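J.: for reference, the sequence and a predicted model appear below.
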Amino acid sequence: MSNIEADNPSYSLFINSKELTFNDDGELPISVSSRCRQFSIRRAILRRRRTSTTTTSSSSSTRPSMTMSNQGETVEVAVKNVHQFTGEEIKKLVSLEHTNIVRFIGAIKEDVVNAIVMEFVTGGNLYEYIARNREQKKCIGLRLCLNLTLQCARGLEYLHGKNIIHKNVQSYNCLLSSTTNILNCNLKLSNFGFKKQHPHAIDLTTFHESRKAWQAPEVIGNKEFFRKASDVYSIGIIVWEILTCQRPWNGKTDHEIYETVVKRSEHLKIEDEWPSELQKLLKDCWKTERAQRPIISAICCRVEVEKEYQNTPIDLDRPLQMREIPTIASHLKPKSHWKEFAVNNLGICESECDALKKEGTDDQDQLICDALRKWLMREGKNGTVGTLAEHLKHSRLFDVSGYKFLCGLQQP
């Protein structure tokens, strides 16, 4: 996919329909004006002119830009019908650049046709991938679940950072770059930026399930009410889909979903065998009060930590040495959790923690160091690298850097 930039004044945001060649199920190419209104999204070949690739700087990165000439450029694209739009809206969409966001190229605005042109993502959508696994009675592994969740969260984090609310976060709108190499594929969020579709447009996919199954209670109760926290609720539904390979609220009507989610404040079932952090994450995403849900950047951090924990084997039987404790303690962040970790995971009682503070220091680095020393003195030879790593893994109080350092610790 070529990067066709909007920040170069010589390269128009608007695309002439004659630059597009459509192929539908092997039929001959057809023009935009004759049938484009009947499709929400169609695959096409875009041919534009260019001479060379130059470099332009922006506030966030340095990116290539295209200039026009007689030399042809061919790009496979997707064309989606939308409602009326402005040049500013298109400019904002085309300016978005993130590995987990579908790349917007430009727009068509001719007579009754209003459409946006974006990169074509070859692997279909996440809903279809989950459905295939369900039909084949296959489960999606935890490693892949965390990978897909993290990519979805990072895309949403980028949008929220640009003050864009997606408003339609569901597995239909998570596109996959590949289905043959799913562990290494890119997930890209799509279908955002416009509030309404063209009145003649059909749904984005061949599926026609209710969007309410993915919506937060405040949105189900008021379809015009969207906040960033509403997107966070929906990402929890996607995680549940991946873990279960089931349709959310399968068999329920829109009214039944309204009664269940809005009236009775119920959520989808969370299974006991799932990792405790994912259980907690779903509960937090599905809080009825929006203000109690985590922000998307916090979700990214939590999923990244969980992914690291799941990918790192624990088989570290070497006993820790007392002289290693200060270095280990320096990697545990944030320090403010030292007492909770000492009490809940190291088995040091609160009175002993209070005594450590009374011995003359409020330095949290020193306090966590003293707590680790006390634990190691008690454990003796049982105080191994692996034992402490397990305590860190189950506590989830510190970021992943301390855990990674401990697992990579060499023999002194």
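T.: Done, it's in.
J.: domains of this structure?
T.: 17-119, 126-194+201-311, 322-407 (automatic domain parsing).
J.: let me know the average pLDDT across the helix or strand containing Thr387.
T.: According to DSSP states H and E, Thr387 maps onto helix 385-395. Mean pLDDT, helix 385-395: 84.
J.: with stretch 326-338 instead?
T.: 89.
J.: do stretch 129-141 as well
T.: On average, stretch 129-141 scores 92.
J.: circling back to that earlier point, report the angle between the helix or strand following the helix holding Thr387 and helix 385-395.
T.: Sequence order places helix 400-407 as the next helix or strand after helix 385-395, per DSSP H and E. Put simply, helix 400-407 runs at 160 degrees to helix 385-395, going by axes from the mean of the first three to the mean of the last three CA atoms, to 10 degrees.
J.: what packs against helix 400-407?
T.: helix 296-311, helix 325-330, helix 385-395 (3 or more CB pairs under 8 Å, 6 or more residues apart in numbering; DSSP states H and E). For the C-beta atoms, the positions are set from N, CA and C on the backbone; glycine is no exception.
J.: what angle do the first one and helix 400-407 make?
T.: For helix 296-311 against helix 400-407, the angle by the same axes, to 10 degrees is 10 degrees.
J.: what residues of helix 296-311 count as buried?
T.: Within helix 296-311, the residues scored as buried using 16 or more other CB atoms under 10 Å are 296, 299-310.
J.: now for that helix, which elements pack on it?
T.: Counting by 3+ CB pairs under 8 Å, 6+ apart, helix 296-311 packs on helix 142-161, helix 228-244, helix 276-285, helix 400-407.
J.: okay, now the unreliable bits of the stretch 1-150 of the chain?
T.: For the stretch 1-150 of the chain, the stretches with pLDDT under 70 are 1-12, 16-18, 20-73, 83-84, 112-113.
J.: what about the strands in it?
T.: 20-22, 41-50, 53-57, 62-66, 71-81, 104-110, 113-119 (DSSP state E, counting those that start in this stretch).
J.: in the fifth one, which residues are buried?
T.: Neighbour-count burial for strand 71-81, with 16+ other CB under 10 Å as criterion, is recorded at Val75, Val77, Ala78, Val79, Lys80, Asn81.
J.: wait, isn't the last one in contact with Ala115?
T.: Yes. Assessed by CB atoms under 8 Å, Asn81 is found in contact with Ala115 at 5.2 Å.
J.: what's Val262 in contact with, if anything?
T.: Pro217, Ile220, Gly221 (CB atoms under 8 Å, 6 or more residues apart in numbering).
J.: just the buried ones among those residues, please.
T.: Buried among these by 16+ other CB under 10 Å: Pro217, Ile220.
J.: what number of residues lie near the closest residue in space to Leu376 that isn't next to it in sequence?
T.: With CB to CB, 6 or more residues apart in numbering as the measure, Gly383 is the residue that lies nearest to Leu376, at 4.4 Å, once sequence neighbours are left out. If you count neighbours by other CB atoms under 10 Å, Gly383 ends up with 18.
J.: which residues are in contact with Gly383?
T.: Gly383 touches Pro319, Leu320, Trp375, Leu376, counting by CB under 8 Å, 6+ apart.
J.: closest one to Phe341 out of these, please.
T.: Trp375 (10.0 Å; CB to CB).
J.: helix or strand for the closest one, which one?
T.: helix 364-379.
J.: what helices and strands are in contact with the helix holding Thr387?
T.: helix 338-344, helix 400-407.
J.: which parts of that helix are buried?
T.: Val385, Gly386, Thr387, Leu388, Ala389, His391, Leu392, Lys393, Ser395.
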